[in-house]
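J.: need a 3D model of the sequence below.
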Amino acid sequence: MKCLICTAPTDAFACKTCADTTQQHLTDMAELLDPHALDQRRAGVRGISYAHIGGRSSGERPLPYNPRVGEAESLAYGTLFEIWKQLVHDEPSLHEQTPHHPSAAALAAWLAAQVMDHLRFMPDCDDYFSDIADKHRAVMRLWDNPPEQTFIGSCGASIDVEGGRPVVCTEAVYAERGRASVKCRRCGAEHDVAERYAQLVARCADHLATLKEIAQLLAPIHGERVKLRRLKYLTECGRLGGKGERLELMGDDSIRRVSIYRIGDVERTIAEDVQHERERREKQAAKKARAA
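T.: All right, here's what the predicted structure looks like:
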């Protein structure tokens, strides 16, 4: 008997090597589709909170919304559910082992445990394995690419409600990358993306964050000037001083100390660089003018 996927000799419709690959795909999906992981991806995996600038309770992190997350989760759940349904139809005894009201992550974890003993013996396992690989790629892309939308603050426009009394629109506003302006989804007010983002960042001047977080936050405004390696250089040469440390939980469950910096200090240092560069160019232009 040959594997339907790679044609290698096997004792089932799929060989153990191909089954092992699918099992790893399902294990990855179980981890990445976990609700906590998805919440992080919806927020762009950034650790800066804007709770203190209004509109949200302490601890919430209303940073970029990534609409691809819900779509990838829904498609993955649909595929995993269909495979689960066929498997328990063929093997009724497995139904009792299924989690009640399973999420996509729970289904992925459960199916991962069934690959070697059950899934690879199903006549259509090549199609199932291919579908799982497709959804695995879609889920992995959520972690490979940055969020497509960035939070630029609450709307703040004045709107009329029933009775003619004006109120302030508190709808969160998100902008797609590259957009110069965006309209509020609730009231339709138009906002300049660069201006709103700059205002948002200005309110965070006293907030403390890691260099990586600050580089992500300021990149839309300062571009190459706030590359992580540039910020590290500023700390090494003594132009940017830390404001303490915080503990961070790493992916391997270890804990490390990470230096934190005041966002306003970084902006001030970048502004000094811009000024020095402007003065240098002016001096060079004046020197050329005298030489001419």
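J.: biggest helix in the chain, by residue count?
T.: helix 263-291 (DSSP state H).
J.: mind giving me the packing neighbours of it?
T.: helix 211-222, helix 228-236 (3 or more C-beta pairs under 8 Å, 6 or more residues apart in numbering; DSSP states H and E). Heads up, the C-betas are built off the backbone N, CA and C, glycines and all.
J.: am I right that H191 is in a strand?
T.: Yes: under DSSP: H, G, I helix; E, B strand; the rest coil, H191 falls within a strand.
J.: so how far is P220 from it?
T.: As for H191, its distance to P220 is 14 Å (criterion: C-beta to C-beta, to the nearest Å).
J.: of these two, who's got more company?
T.: H191 (20 against 17; other C-beta atoms under 10 Å).
J.: now the strands for this structure?
T.: 149-154, 158-160, 166-168, 172-176, 181-183, 190-192, 208-209, 245-249, 255-259, 261-262 (DSSP state E).
J.: which residues touch T21?
T.: Applying C-beta atoms under 8 Å, 6 or more residues apart in numbering to T21 gives the contacts F129, A133.
J.: do Q23 as well
T.: Contacts of Q23 by C-beta under 8 Å, 6+ apart are A112, V115, M116.
J.: closest to Q284 out of those residues?
T.: A112 (63.0 Å; C-beta to C-beta).
J.: ok, the closest one touching E31?
T.: No: with contact defined as C-beta atoms under 8 Å, A112 does not reach E31; the gap is 10.3 Å.
J.: comparing the two, which residue is more hemmed in?
T.: A112 (20 against 13).
J.: relative to T79, how far out is the nearest residue to A157 once chain neighbours are set aside?
T.: In space, and not counting its chain neighbours, A157 is closest to A189: 3.6 Å by C-beta to C-beta, 6 or more residues apart in numbering. Relative to T79, A189 is positioned 40 Å away (criterion: C-beta to C-beta).
J.: equivalent analysis for L208, please.
T.: 43 Å.
J.: neighbour count for these two, which is higher?
T.: Using other C-beta under 10 Å as the criterion, L208 and T79 rank with T79 on top: 21 against 18.
J.: can you pull the contacts of the more buried one?
T.: T79 sits next to D131, I132, D134, K135 when contact means C-beta under 8 Å, 6+ apart.
J.: just the buried ones from these?
T.: Buried members of the contacts of T79, scored by 16 or more other C-beta atoms under 10 Å, are D131, I132, K135.
J.: what is the nearest of these to A175?
T.: K135 (28.8 Å).
J.: contacting residues for that closest one?
T.: M29, A72, L75, A76, T79, L80.
J.: what's the closest of the residues you listed to V173?
T.: A72 (23.8 Å).
J.: tally of neighbours for the closest one?
T.: The burial count for A72: 24, using other C-beta under 10 Å.
J.: ok, the closest residue in space to it that isn't next to it in sequence - contacts?
T.: Nearest residue to A72 in three dimensions, chain neighbours excluded: A138, at 4.8 Å (C-beta to C-beta, 6+ apart). Residues near A138 by C-beta under 8 Å, 6+ apart: A72, L75, A76.
J.: do you know how far the last one is from V168?
T.: Separation of A76 from V168 (C-beta to C-beta): 39 Å.
J.: okay, the two: which has more neighbours?
T.: Taking neighbours as other C-beta under 10 Å, A76 and V168 compare with A76 leading, 24 against 11.
J.: and the more buried one, what does it touch?
T.: Here A76 is in contact with M29, L33, A104, A108, K135, A138, V139 (C-beta under 8 Å, 6+ apart).
J.: among those, give me the pair with the biggest separation.
T.: A108 and A138 (12.8 Å).
J.: low-scoring stretches of the chain, by residue?
T.: Within the chain, the set of residues satisfying pLDDT under 70 comprises 36-68, 143-148, 161-163, 250-253.
J.: thinking again about what came up before, out of the helices and strands packed on helix 263-291, which gets nearest to P9?
T.: The closest of the helices and strands packed on helix 263-291 to P9 is helix 211-222. By C-beta to C-beta, the value is 49.2 Å.
J.: need the contact partners of the closest one.
T.: Under the criterion C-beta under 8 Å, 6+ apart, residues 44, 46-48, 150, 194, 197-198, 201, 204, 209, 226-228, 231-232, 235, 259, 261, 263, 266-267, 270 lie in contact with helix 211-222.
J.: same check, this time on stretch 248-263
T.: By C-beta under 8 Å, 6+ apart, stretch 248-263 touches 201, 204-211, 214, 217-218, 235, 240-247.
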